[in-house]
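Engineer: Okay, predicted coordinates and the sequence, questions at the end:
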Amino acid sequence: MIEAVILDYLSTELNPVPAYMEVPATHPDKFVVITRTGGNIRNHLHESTFAVQSYGPSLYETAALDEQVVEALLAAVSLDEISSVRLNSHYNYTDTPTKRYRYQAVFDISHY
């Protein structure tokens, strides 16, 4: 399951910042949440779109965490399960209802 591969990879690469698949009820100041937003299969190769949301205590720290996420996921092409990673976009996505700083990075990932 590609979600587990990405979750485990980011948990290792961003340590000590934790990675989750949903926002936990209690959480640290800085963390990331991964979500698979879509996918398809072309020529027996799976393609998935992931949104990775970075949360932090300040806008600056959140933007810096987003840059770490981008750098880490672009390097995930080194994993056996992943054949390509493309950054689709990343941007400030502050969560206005909860008043939490948040950035979102969207990736297109081809995997086996």
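Structural biologist: Yep, that arrived.

Engineer: My read is that I41 contacts S110, right?
Structural biologist: No: in this structure I41 lies outside contact range of S110 using CB atoms under 8 Å: 10.3 Å. C-beta: built from backbone N, CA, C; applies to glycine.

Engineer: more crowded one of these two?
Structural biologist: Applying other CB atoms under 10 Å to I41 and S110 shows that S110 carries more neighbours, namely 15 against 9.

Engineer: Roughly how far does that one sit from V23?
Structural biologist: Per CB to CB, to the nearest Å, S110 is found 28 Å from V23.

Engineer: overlap in contacts of I41 and S110?
Structural biologist: By the contact definition CB atoms under 8 Å, 6 or more residues apart in numbering, I41 and S110 are jointly contacted by E47.

Engineer: what's the nearest residue to V70 if we skip its chain neighbours?
Structural biologist: A105 (5.4 Å; CB to CB, 6 or more residues apart in numbering).

Engineer: Quick check: which element contains that neighbour?
Structural biologist: strand 101-111 (DSSP states H and E).

Engineer: Then L87?
Structural biologist: Counting by DSSP H and E, L87 is found in strand 82-92.
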